[in-house]
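**Q** Sequence plus the predicted model coming up.
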Amino acid sequence: MFPNVRIGSRLAIAFAIVLVLSIVSTAYAIIAARDNARATELMMAQPLSKERLVSDWYVMVFAAVGRTALIARSSDDALSSTFAGTISEGVKRSTALIKQIEPLLTSDEEKAMMKSIQALRATFQVAKEQVMASKKQGDPAVTEQLFNSTFTPAAAAYERGIQDMLAMQRKAIDDTALAIDKANTRTIQLLLVLGTLAVLTGAVCAFLITRSITVPLKAAVAVAGTVASGDLTTEFGPASRDEIGDLMRALHAMNDSLT
């Protein structure tokens, strides 16, 4: 193939191949970086935000359960009044957190879980109010009975529901991080392959082009030396169609002229 292609075209083709491989590598690296940036942004915008909100929600519920247990089992009847404002504020903050979380829920599984947790929350609130009301009435036996049989199971179910939601969000974060890590690994591997291919292609093209130029050029130099020594009996075969072929045809014409 090479003898029939001009030297300039050979060089252009070789450089074009290397440049195309370099462009493909660069384009793929840019696309991969953009995709990873989008994945990271999505992870920050949704799963991580939900995880933080649900975590805050759980902390508030855990504190509410602890306060109710303290009030129910304390001999100080004034604790109900003391913590009334804190309890009311906690309910308001929990409601606000739920309103922040709900718009972020995208899957049917998340929405169903949130609906279940809200039902557990309603049961928890009723049980808590029953314990608080019994405490205010000054009936320790009833308060203890309500706390153990009603409030404690409701609180445990409510906390477990929030923990399940928290685990779901953390799994989503872990899955996204794993997907990003796999994408990075694939990108690095492909870039290494493309880079190696570009280097090997450049090396092979350089070797072949150099050989296709130097070997015929040495033959032309040998013919010129033979003519210069006065030997005009050189037999010329068919010349190629590149620049070296032009030189051989010129030498052939010179040899015929001298003859």
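**A** Perfect, I can see it now.

**Q** The nearest residue to Arg249 once chain neighbours are set aside: helix or strand, and which one exactly?
**A** Nearest non-adjacent residue to Arg249, counting by CB to CB, 6 or more residues apart in numbering: Ala239, 5.1 Å away. In short, each C-beta sits where N, CA and C put it, glycine included. Take DSSP states H and E as the rule and Ala239 turns out to sit in neither a helix nor a strand.

**Q** separation between Ala239 and Val126?
**A** Using CB to CB, to the nearest Å, we find Ala239 at a distance of 102 Å from Val126.

**Q** the more surrounded of these two?
**A** Using other CB atoms under 10 Å, the more surrounded residue of Ala239 and Val126 is Ala239, with 18 against 13.

**Q** May I have the residues that are in contact with the more buried one?
**A** Ala239 makes contact with Gly245, Asp246, Met248, Arg249, His252, according to CB atoms under 8 Å, 6 or more residues apart in numbering.

**Q** backbone phi and psi for it, please?
**A** Backbone torsions for Ala239, taken as degrees, to the nearest 10, come to phi -90, psi 150.

**Q** Could you check how far it is from Ala250?
**A** For Ala239, the distance to Ala250 - CB to CB - is 10 Å.

**Q** for Arg38, same thing?
**A** 62 Å.

**Q** just the helices in the stretch 151-259 of the chain please.
**A** Using DSSP state H, counting those that start in this stretch, the helices of the stretch 151-259 of the chain run over 152-228, 243-258.

**Q** Output these in JSON lines, with mean pLDDT appended to each entry.
**A** Converted to JSON lines, those look like this (pLDDT from 0 to 100):
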{"stretch": "helix 152-228", "mean pLDDT": "85"}
{"stretch": "helix 243-258", "mean pLDDT": "84"}
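
**Q** The ones you listed into CSV, with extra columns for distance to Val20 and mean neighbour count?
**A** Shown next, in CSV, are the helices of the stretch 151-259 of the chain (distance: least, CB to CB, whole Å; neighbours: other CB atoms under 10 Å):
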stretch, distance to Val20, mean neighbour count
helix 152-228, 9, 15
helix 243-258, 25, 15
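
**Q** now these in JSON lines, with distance to Leu104?
**A** Below are the helices of the stretch 151-259 of the chain laid out as JSON lines (distance: least, CB to CB, whole Å):
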{"stretch": "helix 152-228", "distance to Leu104": "9"}
{"stretch": "helix 243-258", "distance to Leu104": "69"}
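
**Q** Ala78: which of those helices is closest?
**A** Closest to Ala78 of those, according to CB to CB: helix 152-228, at 22.9 Å.

**Q** so the closest one versus helix 243-258, what angle?
**A** When axes from the mean of the first three to the mean of the last three CA atoms, to 10 degrees is applied, the directions of helix 152-228 and helix 243-258 differ by 0 degrees.

**Q** And helix 152-228, what does it pack against?
**A** Helices and strands touching helix 152-228, as assessed by 3 or more CB pairs under 8 Å, 6 or more residues apart in numbering; DSSP states H and E, comprise helix 7-45, helix 47-73, helix 108-136, helix 243-258.

**Q** Return the set of buried residues in the second one.
**A** Yep, that's helix 47-73 we're talking about. For helix 47-73, burial by neighbour count (16 or more other CB atoms under 10 Å) applies to 47-48, 50-51, 53-55, 57-58, 60-61, 64-65, 67-68, 71-72.

**Q** helices or strands up against that helix?
**A** Against helix 47-73 (3+ CB pairs under 8 Å, 6+ apart) you get helix 79-82, helix 84-101, helix 108-136, helix 140-146, helix 152-228.

**Q** again with the last one
**A** With contacts defined as 3+ CB pairs under 8 Å, 6+ apart, helix 243-258 has these neighbours: helix 152-228.
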